[in-house]
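> The sequence isn't on hand, but the structure is:
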């Protein structure tokens, strides 16, 4: 405890420390020499391919997978082509990039998952170099081919290859290059001797960062974990660092080393102002900070550096260390002679444990500055950053001690840190081997940690953690179970029955576990029967459908689709069935599913009119069939075909016992024939007009007899016909005809209409003729219509109707004195209503 | 911009923000400059979620309307199709993509399906051989769009037709999904009531979806206490009646689409002195109508007869406010006056606009035709002579008045009489076919299927019982200072709203008999809330009900619900949601079938 600062090295204003994480469990005969090594960040697994270039078939290279603590997970001889590069995806899958451009994907346990290619042309030109990178879009791969072209894929799970533009003057492979992610775009920074270029998907731009001598060749470069900073190493031994947009320079250091470092990695803690770069040569590790200061560590064994969010892991054949900047809060507490509140609290607690009264003095000192809350916070935070469990404990005990003297201090942070540390300590165990720092854990989130445990098949531990941290089942236990079940169904030594039972017992109806997902896994492994058994447990009917279709259980798929209510799903199954079955069976299947049938009808209405007819026929739905013929008739150009379709409609309407519609359709046919005849004879242009419009047109053409004929044949109500004729005559100003018409018989629409229509045509003279003929109730209105106030007044007075008198009065102007008097007098005597 | 969405009891802006976030995320997926090709129907609803400025921020440089043939040229990296999942649109897209490939090869294609992606459509694209050309195929789940602080609509035009004519329940699936989204944002709704077949179906789907996603529900204190699902076909009468609120009349006469109305420009011409009136604007005047406008919020739900008084009162207040300037003496006072100027000027122009609109409407409502039509409607609603051929309808047909007007009236008569006598029914049908053309036999058939038109089968007419029990007709409706919802139709209280009102108090048990007469089942469901989320109600705090109209709702019904929310003793606030904002005309139109004639 007292020597906690023993491994601290000052660098500028910061301190750096190297903490041992593990003594590696592995037993490597040749160390890390002559091997391709890929270690994933966030304490991920390590893959090792020995002597990748040895190609004799008799001794195939061995591919080995270890946990970060060196526990062997898988090991198998490499039987495929020569590998250029290994890398890990964000979901712990191993990518093996081969010389021919194909990328093979394995899971943690070394079983082959799938493969993809970086392009056909690469088979010829070969991959010279490759890099695996991570971005918000997922894991990506970039390669340089023998023809000096770069190709990249930003997300291997959604593969889209982008061939980057040609780099001018580049022969063979570039001196060095990195992949950057900036402004949601993936770019490549590349150097070819002294020239430096930025490549994006459309352009290749030469760049010159400020402060880099244009003559110097850049031989190594490195980008920070967050893609924010860039380090360049020149052939003159200068190290240049700056932000990755290359606009500014942070620092330039002369390392006095002429050889190119084997590895160069950023070592930086989020929000820290003191980033540094770690460079590794054969026997030397050098930490170069922004302050032009350096720290040097000798190394004995070949090592591998793994850049982390908040430091660098150094893996050698014997052990593994974490190099990081000492967090500020730890500095505050542990720095020699520190007077920070946290440091005093830690001291106070130590004295307290010794039962010394000094404890009180320290405590008093903190309280006098009212810094006790801050002191507790510091201790809690520092505990999070410490790797050693004893240090964690003493800091947390000090915090807990300090908390006793505070009244309303929220315990949340303390409780949370305790819980999280317990989880972290558990996963850091050798057997599990996830050396996560608290900062990394916060960044990667608990969800991802659980995923990682699940990938390693630490199911019980994962479930324990979920329960301990009280994560909602949906995000926690259920996901673990889901993964467990998917793994379970692959166990070949167990019967379908046994597996289905085991899955059902464990998973039960845990929320959020998709049985269809598990079933799909079973089906993938060729266990259809098991898949069907498992699907039975699925609550979401919609989820079952795609798999059922795949397994050719289409009838079942249809009823499940209907059950889900998702019509698109029903459509999908229906269109699938249509292609699978013969027509008869297909129709029969639909018949048993009315919802599916009506949806299919909808589809046919838009897409397949003929099928629609067959469907109606099959169901003996005469009404709809008739409607179908009616609709179809309007699509026909030729009158004969139109009539014959309408005749079919009539037949069907009759079968449907819809007499009205049958009759109406017959009428329509009669009208069409009539129109055709007149069009032929007189060129009247009637075809397609409604009956009313036809009569209107006939009257306009002066074909009164024919109009009359329609009126009789189609039993047009008198009223409507009178209106029609009235309007037509008035429009043509055939006043004599109109008068004759008015006298032909008693008007069914009265005579006020005659008055109105004449006035509408501004013919007062004609209008007056009809005023006398209107019914007594309309007299006043009629007189008013022709502006005959006297007459209106007479009529109103005669009828002793007060409101009518009022109406007349409102039309009188002041000059009509006499009339007004008369009306007023009459009004006084009129009966009140 | 959308502040008015957050004024109400429920902050609907949360929903809008969620939708905007999702849109931004999608746009960012397609790196580089973009052109959007729009399914034209979507532009209106989208306008309520995001303006062009948002799209522009995300490098959308051009916008086109989806049409067949070749895409207009645009120097952009990405072409994004925003479409509804419809097969006919897929064919157009395929055509676009085909004609494109020959010219350029470097443009990336994407599809965004609204509101949901469809395997059927993707299958069609595959058959057309273009599926592989798309880099991204995504869905933009936009079910319920906030139209106002208390109003959500799916703007799913064909919902009623699909449900009742075609037995296609796609819209109900979207509804259920939309309600799940809503519950994800505003908490589980503990009580669900419903009336009608579709309501039952939606409730069933919701309950099943909840089971399926059990455990994933979020820990949000429920904002809504109750959900009421109402089938439109439970109340076929209300949309047929002419709405008499200010907003309702604007919609009846000019049509409000996606919160905008287009008006004849003459009344809005800027009258400047000395200028001849010859250069009147010819473009229709487009106005946005929502509660962001203070004056509109005040008068929209009034009976039109009370709007004049409200406007003149407002005019007095505004001119008094302007007069204030004479009283402003000190620099401080003048400064304060000036600071209020923009607000006052906005109020003045708003007043001018609404005065103009009110004048336009008044010209129509005072006409004899409007009066006669209304008289007939009211006769039907009060049950006068509903079993005879109506002379006014007969005359209107003879005068060849618009067919939709005739259909509205005939349907209304049928609904108010629980079906027409066979003779009357056949008479109307023959009149319509002879006058407007035989092709309308299909439309009449549709109206029959939807239950809007029918021949009387039993001699028993339920309507009078329903009218009396639910007090659908109020003789003394007070238009100026209403005390009952019947003011929205000057006497007729919308059935749908009465059901809502009774549900709140005294409860549906009191009207079991009537509920049985109306079509479809009525039901009640409870959704379990996670422990600790049970609301502790403050004294006097109102309960909130979401009323969902399946198949459409009219502005007058919305006005009636707002009236109920504002009633002091109602103790209930209503948020309204629907598949589509309708009026009688648009509704009937959606049920019409017009075979396209090939004869010249």
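Great, that's in hand. Remember, it's a predicted structure, so these values are computed and weren't measured experimentally. Numbering: from 1, shown residues only, chains lettered A, B, ... in the order given.
> Roughly how far does residue A:497 sit from residue A:528?
Going from residue A:497 to residue A:528 by CB to CB, to the nearest Å gives 14 Å. (C-beta placed from N, C-alpha, C; glycine too.)
> Comparing those two, which shows the higher neighbour count?
The neighbour comparison of residue A:497 against residue A:528 (other CB atoms under 10 Å in any protein chain shown) goes to residue A:528, with 17 against 11.
> In contact with the residue nearest to that one when sequence neighbours are not counted, which residues are there?
Sequence neighbours aside, residue A:551 is the residue nearest to residue A:528 in space, at 5.6 Å (criterion: CB to CB, 6 or more residues apart in numbering or on different chains). With contact set as CB atoms under 8 Å, 6 or more residues apart in numbering or on different chains, residue A:551 has these partners: A:523, A:528, A:531, A:532.
> Go ahead and list the helix or strand containing residue 503.
Since no chain was named, I'll use chain A. Here residue A:503 is covered by helix A:496-507, with elements defined by DSSP states H and E.
> please go with chain B instead
Going by DSSP H and E, residue B:503 is in helix B:495-504.
> Quick one: mean pLDDT over that helix.
For helix B:495-504, mean pLDDT rounds to 95.
> Could you list the residues in contact with it?
The contact list for helix B:495-504 (CB under 8 Å, 6+ apart) reads B:193, B:195, B:228, B:230, B:234-235, B:237-238, B:466, B:470-472, B:485, B:508, B:510-511, B:543, B:545, B:547, B:549, B:553, B:557, B:560-561, B:564, B:570-572, B:574.
> Counting neighbours, which of the residues you listed end up buried?
Listed as buried from the contacts of helix B:495-504 are B:193, B:195, B:228, B:230, B:234-235, B:237-238, B:466, B:470, B:472, B:485, B:508, B:511, B:543, B:545, B:547, B:549, B:553, B:557, B:560-561, B:564, B:570, B:572, B:574; burial here means 16 or more other CB atoms under 10 Å in any protein chain shown.
> from chain A, which residue is nearest to chain B?
residue A:511 (2.3 Å; CB to the nearest CB).
> sec struct for that residue, please.
Using DSSP: H, G, I helix; E, B strand; the rest coil, the structure places residue A:511 in coil.
> And the pLDDT for it?
On the pLDDT scale, residue A:511 gets 72.
> Please look at it and residue A:477 and confirm they touch.
No. The pair residue A:511 / residue A:477 is not scored as a contact, 9.2 Å apart, by CB atoms under 8 Å.
> which one of these two has more residues nearby?
More neighbours surround residue A:477 than the other of residue A:511 and residue A:477, with 24 against 18 (other CB under 10 Å).
> need the contact list for the residue lying closest to that one once chain neighbours are set aside.
Leaving aside its chain neighbours, residue A:477 sits nearest to residue A:466 (4.9 Å; criterion: CB to CB, 6+ apart). Taking CB under 8 Å, 6+ apart, we find residue A:466 in contact with A:450, A:473, A:476, A:477, A:480.
> taking those one by one, which sit in helices?
The members of these that map onto helices under DSSP state H are A:450, A:477, A:480.
> what's around residue B:60, how many residues?
Using other CB under 10 Å: residue B:60 sits among 20 other residues.
> Specify the beta-bridge partners of it.
residue B:34 (DSSP bridges).
> pretty sure it contacts residue B:35?
Yes. Counting by CB under 8 Å, residue B:35 is a contact partner of residue B:60 at 7.2 Å.
> where does the stretch 251-400 of chain B come near chain A, residue by residue?
Within reach of chain A by CB under 8 Å from any CB of the partner chain, the stretch 251-400 of chain B has these residues: B:394, B:395, B:397, B:398, B:399, B:400.
> quick one: residue B:99 is in a helix?
Yes. Judged by three-state DSSP, residue B:99 forms part of a helix.
> low pLDDT regions in chain B?
B:1-2, B:101-105, B:214-218, B:269-281, B:459, B:535-540, B:596-600 (pLDDT under 70).
> Break it down into its domains, please.
B:3-142, B:143-241+B:462-530+B:539-599, B:246-267+B:286-365, B:369-461 (the TED database).
> How about the residues of the stretch 651-800 of chain A by chain B?
Going by CB under 8 Å from any CB, the residues of the stretch 651-800 of chain A near chain B are A:660-661, A:664-665, A:667-668, A:671, A:687-693, A:714, A:716-717, A:719-720, A:723-724.
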